[in-house]
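In: With the input below, show me the fold.
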Amino acid sequence: MLEVLLSMVLIVVVNNWVISMNSLILHFVFLLFKFYDQGEYNMKMVLMLLSFWIILMMVISVNQSISSIDLMMIFISLLFSLCLSFYCDSLIMFYMGFEMSVFPILLIIYGWGYQPDRMEAGFYLILYTIFFSLPFLLSIFYIEYYGINLSFILYLMMMMGVLAKLPMFGFHIWLPRAHVEAPMFGSMILAGVMLKLGGYGIMKISLMWGDLVFKYSNLTILFSIFGGVILSCICFVQSDMKSLVAYSSIVHMSMVISGLLNMREMSIYGAMYMMIGHGLCSSGLFCVLGLTYNRTCSRSIYLNKGILMLMPTCSLWWFMFCSSNLSFPPCLNLPGEILLYISIMSWGNFIFVFIVILGLLSSLYSIYLFSFSQQGFNMIYFSFCTFSLKESLLMMLHWVPLNFLILDLSLMNF
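Out: Purely as a prediction, here's the structure:
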């Protein structure tokens, strides 16, 4: 870990992204083979490797004009807090890393955000995270001193913090605002890793107090699936492409919540495949959207039309990641959705109708996003420069692990 953190500083000191990324990727591959040789692949290691990978992509995506030691230190502190959350077995240490990870994101939104509304977005981020995680902290102290009590109030106190982080429908207001106001690298880490903290928190709570979760999770599963259907419909009325991708992330996380609370082995594997696949796919979508915004200076789905005629390379990457967002093979989202759908329907046959509607709508809004933004005739823009080597490498490093991990799913057999 120390080698990777030191390598992240090279991009500032050396001021050469090629040399810096070679060092970063080599150290990442070293960690990958080290864990593989020692047989240490488990949930925490996979999520830590995902955190490393997304942070590396963030380093590539930063323009040299805004690159600074301050930004690199924010990245390093963010990586440290994420590794603290995923690696520590203690629930109180998980909570500390859980809360520490919010402040680097807040600094990124405030310091490198696009619009004046970023102040309101940061306020929403702090308000939802701190307010709903406080009952989670109180429940940890209560169980430590008084033991577990199978009550619905205790279940709500434990789940509110992690459900707001995922987020679940009803706790989701902060996420679209934060995505819209955050820079490209801020949206990448929000979608790529930050949402996975909530899923990992549900796993830890279920492993420690499974009886409590199993007893009171029925209403949460129903509400999550129903909220996913509603948010899928909301995606079709979004004119801001970044807001549409943000809402699609919440839809995917609604399936992860229902699968994890189902507490079956199949659902645990499906949730992990979905979280890893969504982390790479959603980060790639925000990345290609940010690169498009750098050229068109607009996120409107009505103004960004005809990109296929102007930038064919950009349109290719839009197609690759929109198809992965609807779980088109060989994307890693495919086995995740299959396992989650089977496990949720085995929980209750009556939920079959909502699962079918959710699966249909979640595919249609990805097709809607691609077709409306890439097809058609654009009367505003005329030509743009194509993707540079650095930008093409950035997109390739998102797409390759997303579609090649399906070849050996045993790498994530926990």
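
In: Am I right that S366 is in contact with N325?
Out: Yes: using Cβ atoms under 8 Å, S366 and N325 qualify as a contacting pair, with a distance of 4.5 Å. Any C-beta I mention is one placed from the backbone N, CA and C, and that applies to glycine too.

In: Find the residues that touch each one of the two.
Out: Residues touching both S366 and N325 (Cβ atoms under 8 Å, 6 or more residues apart in numbering) are S248.

In: Comparing these two, which residue is more hemmed in?
Out: N325 (28 against 23; other Cβ atoms under 10 Å).

In: my guess is the more buried one meets V251, correct?
Out: No: N325 is beyond contact range of V251, at 10.0 Å (criterion: Cβ under 8 Å).

In: Can you show me the strands along this structure?
Out: For the chain, no strands are identified by DSSP state E.

In: low-confidence ranges in this protein?
Out: 1-41, 64-67, 378-383, 411-414 (pLDDT under 70).

In: domain ranges for it?
Out: 1-216, 225-414 (automatic domain parsing).

In: what separates the first one from the chain centre, distance-wise?
Out: The offset between the C-alpha centroid of domain 1-216 and the centroid of the whole chain comes to 9 Å, using Cα atoms, centre = their mean, to the nearest Å.

In: nearest spatial neighbour of D240, skipping sequence neighbours?
Out: Among residues not flanking D240 along the chain, R299 sits closest, at 5.1 Å (Cβ to Cβ, 6 or more residues apart in numbering).

In: where's the one you found relative to I234, distance?
Out: Distance, R299 to I234, by Cβ to Cβ, to the nearest Å: 17 Å.

In: again, but for L339
Out: 26 Å.

In: Which one of these two is surrounded by more residues?
Out: Between L339 and I234, counted using other Cβ under 10 Å, the more crowded position is L339 (22 against 16).

In: got the contact list for the spatially closest residue to that one that is not a sequence neighbour?
Out: Of all residues not flanking L339 in the chain, G270 sits nearest, at 2.9 Å (Cβ to Cβ, 6+ apart). By Cβ under 8 Å, 6+ apart, the contact set of G270 is G259, P335, G336, E337, I338, L339, L340, I342, S343.

In: Make a ChimeraX selection of the buried ones in the residues you listed.
Out: Provided next is the ChimeraX selection string for whichever of the contacts of G270 are buried by 16 or more other Cβ atoms under 10 Å:
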select :259,335,336,337,339,340,342,343
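
In: Now distance to G284 too, for the contacts of G270, in JSON lines please.
Out: Converted to JSON lines, those look like this (distance: Cβ to Cβ, whole Å):
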{"residue": "G259", "distance to G284": "23"}
{"residue": "P335", "distance to G284": "18"}
{"residue": "G336", "distance to G284": "16"}
{"residue": "E337", "distance to G284": "17"}
{"residue": "I338", "distance to G284": "21"}
{"residue": "L339", "distance to G284": "22"}
{"residue": "L340", "distance to G284": "21"}
{"residue": "I342", "distance to G284": "27"}
{"residue": "S343", "distance to G284": "27"}
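
In: Which positions in the helix ranked longest in the chain come out as buried?
Out: Scanning the chain for the helix with the most residues, using DSSP state H, yields helix 265-296. For helix 265-296, burial by neighbour count (16+ other Cβ under 10 Å) applies to 267-293, 295-296.

In: before we move on, what about stretch 116-126?
Out: Across stretch 116-126, burial judged by 16+ other Cβ under 10 Å covers R118, A121, G122, Y124, L125.

In: distance of the fourth one from G192?
Out: As defined by Cβ to Cβ, Y124 lies at a distance of 20 Å from G192.

In: next one: the second one
Out: Distance of A121 to G192, given as Cβ to Cβ: 18 Å.

In: okay, now the residue nearest to P135 when sequence neighbours are not counted: neighbour count?
Out: Using Cβ to Cβ, 6+ apart and skipping the chain neighbours, the partner closest in space to P135 is M157 (3.9 Å). If you count neighbours by other Cβ under 10 Å, M157 ends up with 20.

In: Same check on S68?
Out: Using other Cβ under 10 Å, S68 has 13 neighbouring residues.

In: can you give me the helices in the stretch 51-200 of the chain?
Out: 69-87, 91-100, 102-112, 118-146, 152-165, 174-181, 184-189, 195-208 (DSSP state H, counting those that start in this stretch).

In: hey, which of those helices is tucked in deepest?
Out: When the helices of the stretch 51-200 of the chain are scored by mean count of other Cβ atoms under 10 Å, the highest mean neighbour count falls to helix 184-189 (a mean of 26).

In: need the contact list for the residue nearest to D240.
Out: Per Cβ under 8 Å, 6+ apart, neighbours of R299: V180, D240, M241, K242, L289, Y293.

In: What's the separation between the last one and L190?
Out: The gap separating Y293 from L190 is 16 Å, by Cβ to Cβ.

In: again with the fourth one
Out: If you measure K242 against L190 using Cβ to Cβ, the figure is 11 Å.

In: closest to L405 out of the helices of the stretch 51-200 of the chain?
Out: Closest approach to L405 among the helices of the stretch 51-200 of the chain (Cβ to Cβ): helix 195-208, 15.4 Å.
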